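Asker: Sharing a model prediction with you, sequence too.
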Amino acid sequence: ASATASKPVALAPMFADQNFYRSIPDLLRHLPLSRQQLYLQGADKNMEAILESLRAVFNTKYDRVSWALAPSIPLVSSDDFLMSCHELAMELGIKIHTHALESPLQKQMYPKRYQGGLIQHLSRLGILNEQWVLAHCVWLNATELALLAEHQVAIAHNPVANLRLGSGIADVRKMLDYGLKVGIGTDGASSSDNQNMYESVRMGALLSRIKTPQVTEWLSAQEVFFAATEGGAACLGLEGQVGRLQEGYLADMVFVDLSHINWQPLNHVLQQLVYVEDAQAVRHVMVDGEWMVRDGVLLRLSLADLMERATLAREQLQILEGLQTDQNQELLAAIGQFCACSH
C-alpha cells in the first residue's frame with residue numbers, strides 16, 4: 001500500500017541483531033523456565049546478512065517513498081551493528097530512526113548496560129548526527145538533551161502512544177528550549193490504535209499542561225501545528241520540501257469542510273484545527289498536486305479490499321494465538337511483573 005500512499009512516506013524497515021530477552025539486563029531469569037531455555041538456545045542474527053538484505057530493499061524505488069534505517073531499540077542492537085547502520089546511512093544519505101528512552105524500564109536498563117546512559121554511549125561511539133531521529137525520548141535528562149542538541153538529532157514525539165503504553169509524558173518544552181527539532185507522530189497501530197494525527201496534535205498540546213503549572217510554558221497551538229507539519233518534515237528528511245504552503249514546496253494539502261460542526265462558528269482557524277478538528281471534517285486531500293481523496297473517497301486505494309485483507313490477517317493471527325494462549329499469558333505476566341519491579 002505504501003507505494004500508493006496518500007502522503008509522502010519515509011519507510012524504515014525495523015530490525016535488530018540481538019535477542020530481546022537476552023539483551024534486557026536481568027529479564028531472562030524472570031521468565032518461565034521453558035522460555036529461558038528457548039531464548040538461551042536462540043542465536044543472534046547475522047549482522048552482515050541483515051545489512052545486505054537492507055541494501056537490496058533500498059534498491060527498490062517507489063514514487064513518493066524514501067527509505068530509512070530503523071534499528072528497533074539500541075538495547076537489542078550491538079555496537080558494531082549500530083555503527084554499521086550509521087555508516088550505511090551516511091553512504092546512502094538516509095535517516096536512522098530508533099526508539100530511545102521511551103519507557104521507565106528503558107530509563108532503568110540503559111545505565112546498567114552503558115556507562116552514563118544511552119545518549120552518552122551513542123555519542124561516545126561517534127555516530128550521533130543530524131541523520132538520527134529518536135522516537136519518544138520521554139525520559140531525557142539535561143545532559144542528554146544538550147548532547148542531542150549538539151549533534152542536531154531530531155525527536156519524534158508520540159503523545160498518544162506514550163499514554164497508551166503508560167510510558168510517561170515527554171517534556172517537549174525542554175526539547176524546544178534546547179533547540180531540538182521535534183515532530184509529532186502516532187507511532188504504530190499496535191501501540192497507538194487509530195493512527196489519527198489530529199488526535200496526536202491535540203494531545204501534544206494538552207499534555208504539556210501536565211508537565212508544569214506555568215501557563216507560559218505550555219505548548220501553544222502554533223508550536224504543535226509547526227511540530228506536526230514542518231517538524232515532521234524534518235524528521236522524515238523532507239525539510240524544505242513539504243510541511244508548508246509556499247512556492248517551491250510540494251502541493252500537499254488537506255481541505256476541511258467549514259460547514260461541519262467542528263468549524264461552527266468559525267472563530268480562530270489554528271485553534272480550531274488543533275483543539276477541535278478530529279478528521280471528521282476532512283473533505284479532500286492533495287499530494288504533490290494530485291488528488292488522493294475527493295469528497296471523502298480514497299482514489300488510489302480500495303478501502304474494501306484493505307478491510308478484507310486486514311480481516312484475513314486477523315483470522316490467521318487468531319489461529320496462532322489460540323495455539324499459544326497459555327504460554328503467551330504466562331510470558332505476559334512474567335514480563336509485566338519484571339517491568340513493574342524495574343519501574
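Answerer: That came through, no problem. Treat the numbers as computed from the prediction; the structure is a model and nothing was measured.
Asker: tell me the centre residue of this structure?
Answerer: The chain has residue 187 as the residue nearest its centroid, 4.2 Å off, counting by CA atoms, centre = their mean.
Asker: I'd like to know how far the closest residue to that residue other than its chain neighbours sits from residue 70.
Answerer: Excluding the flanking residues, the one nearest residue 187 by CB to CB, 6 or more residues apart in numbering is residue 161, at 3.4 Å. From N, CA and C alone the C-beta is placed, and that goes for glycine too. Applying CB to CB, to the nearest Å, the value for residue 161 to residue 70 is 16 Å.
Asker: Please apply the same query to residue 260.
Answerer: Separation of residue 260 from residue 70 (CB to CB) stands at 37 Å.
Asker: ok, residue 146 - contacts?
Answerer: Residues near residue 146 by CB atoms under 8 Å, 6 or more residues apart in numbering: residue 178.
Asker: contacting residues around the residue nearest to residue 187?
Answerer: Contacts for residue 161 (CB under 8 Å, 6+ apart) come out as 136, 167, 186, 187, 188, 191, 192.
Asker: Closest one of those to residue 76?
Answerer: Closest approach to residue 76 among the contacts of residue 161 (CB to CB): residue 136, at 15.5 Å.
Asker: tally of neighbours for the closest one?
Answerer: 27 (other CB atoms under 10 Å).
Asker: Please name the bridge partners of it.
Answerer: On the basis of DSSP bridges, residue 136 is bridged to residue 100.
Asker: That one against residue 102, yeah?
Answerer: Yes - assessed by CB atoms under 8 Å, residue 136 is found in contact with residue 102 at 3.7 Å.
Asker: mind showing which ranges of this protein have poor pLDDT?
Answerer: Residue ranges of the chain with pLDDT under 70: 1-8, 42-43, 322-326, 342-343.
Asker: returning to that earlier point: what about residue 260 and residue 70, which has more around it?
Answerer: The residue with more neighbours, out of residue 260 and residue 70, is residue 70; 22 against 14, by other CB under 10 Å.
Asker: isn't the more buried one right next to residue 10, touching?
Answerer: No - applying CB under 8 Å, one finds residue 70 not in contact with residue 10, separated by 9.9 Å.
Asker: okay, and the common contacts of those two?
Answerer: By CB under 8 Å, 6+ apart, no residue touches both residue 70 and residue 10.
Asker: ok, the contacts of residue 161 vs residue 227, which is closest?
Answerer: Checking the contacts of residue 161 against residue 227 with CB to CB, the nearest one is residue 186 at 13.0 Å.
Asker: Tell me how far the closest one lies from residue 163.
Answerer: Counting by CB to CB, the gap from residue 186 to residue 163 is 12 Å.
Asker: what is in contact with these two at once?
Answerer: With CB under 8 Å, 6+ apart as the test, residue 186 and residue 163 reach no residue in common.
Asker: higher neighbour count, these two?
Answerer: Taking other CB under 10 Å, residue 186 and residue 163 do not tie; residue 186 has more neighbours (20 against 14).
Asker: pretty sure the more buried one is in contact with residue 196, am I right?
Answerer: Yes - using CB under 8 Å, residue 186 is in contact with residue 196, at 6.9 Å.
Asker: shared neighbours, those two?
Answerer: Common contacts of residue 186 and residue 196 (CB under 8 Å, 6+ apart): residue 160.
Asker: Longest helix in the chain, by number of residues?
Answerer: For the chain, the helix with the greatest residue count under DSSP state H is helix 303-323.
Asker: what packs against it?
Answerer: The helices and strands touching helix 303-323, judged by 3 or more CB pairs under 8 Å, 6 or more residues apart in numbering; DSSP states H and E, number zero.
Asker: Could you check the next helix-or-strand element following that helix and say which residues are buried?
Answerer: Using DSSP states H and E, the helix or strand that follows helix 303-323 towards the C-terminus is helix 325-342. Within helix 325-342, the residues that count as buried by 16 or more other CB atoms under 10 Å are 331, 335, 338, 339, 342.
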